[in-house]
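**Student:** sharing a model that was predicted from the sequence below.
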Amino acid sequence: MSLLWIVDMARPRSEAARAKALGAATDLVLTAGVRGFSVDEVVRRSGVAKTTIYRHFSSGNELMLAALSCTIAPFSTPDTGSLRSDLIEFANETLPMIADPLLRPVMLEILAAAARDDELRELHAAVVREKMTPLRVIYERAQERGEADPALDFDRAFDLIEGPFMARWLMRPDMLQMLDVAALVDRIVVGLAAKTN
């Protein structure tokens, strides 16, 4: 029996154990949150040995970050040919995620913990970057079409686009489901098109 055959046989089992641990970690972080997360509990839920988990993840924080990353779906970049339609489509796609009653408490915990934990700060920054990327493309296309003020840089535009949604997510989450996305986007589009001095 060759060593190569043994290695090939071990790899699928190792990947299966990783996937099992990651699945249990994802369930745990969604139900217990950041503060209730522990490798020991992942071991209990998954049946994967702690030594195996640490072969794949250097720390409990790394495992938790990987689990949190699994809960965040990638954002698409609508291209309808209209700033208004692009923003409505983007908002309608992302609202269910930010309104998710399981995910929202975890994201709030990350937001709070990011002030104290460098790894969680990086995760939070990565989520923001991921959301900014399609919005940047949408906004730059709108500028090229003459739908947005060419003098308004993307950072200020991003604040204008995200601000109303984040205000409701942070302070009035019970109102998220009743949000009139089209009416709100109409106001945002007017602000993006207004010429600055």
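**Tutor:** Okay, I see it.

**Student:** by mean pLDDT, point me to the weakest helix or strand of this structure.
**Tutor:** helix 3-32 (a mean of 74; mean pLDDT, DSSP states H and E).

**Student:** how about the helix or strand following that helix: buried residues?
**Tutor:** Scanning forward in sequence from helix 3-32 by DSSP states H and E, the next helix or strand is helix 39-46. Neighbour-count burial for helix 39-46, with 16 or more other C-beta atoms under 10 Å as criterion, is recorded at 39, 42-43, 45-46. Every C-beta, even on glycine, is put in place using the N, C-alpha and C of the backbone.

**Student:** which among those gets closest to residue 134?
**Tutor:** Nearest to residue 134 among those is residue 42, at 32.2 Å by C-beta to C-beta.

**Student:** contacting residues for that closest one?
**Tutor:** Residue 42 sits next to 21, 24-25, 28, 48, 53, 63 when contact means C-beta atoms under 8 Å, 6 or more residues apart in numbering.

**Student:** out of the buried residues of helix 39-46, who's nearest residue 135?
**Tutor:** Closest approach between the buried residues of helix 39-46 and residue 135, by C-beta to C-beta: residue 42, at 34.2 Å.

**Student:** from residue 144, how far off is the closest one?
**Tutor:** Note on residue 42: its distance to residue 144, by C-beta to C-beta, to the nearest Å, is 48 Å.

**Student:** and what of residue 134?
**Tutor:** Counting by C-beta to C-beta - residue 134 and residue 144 are separated by 16 Å.
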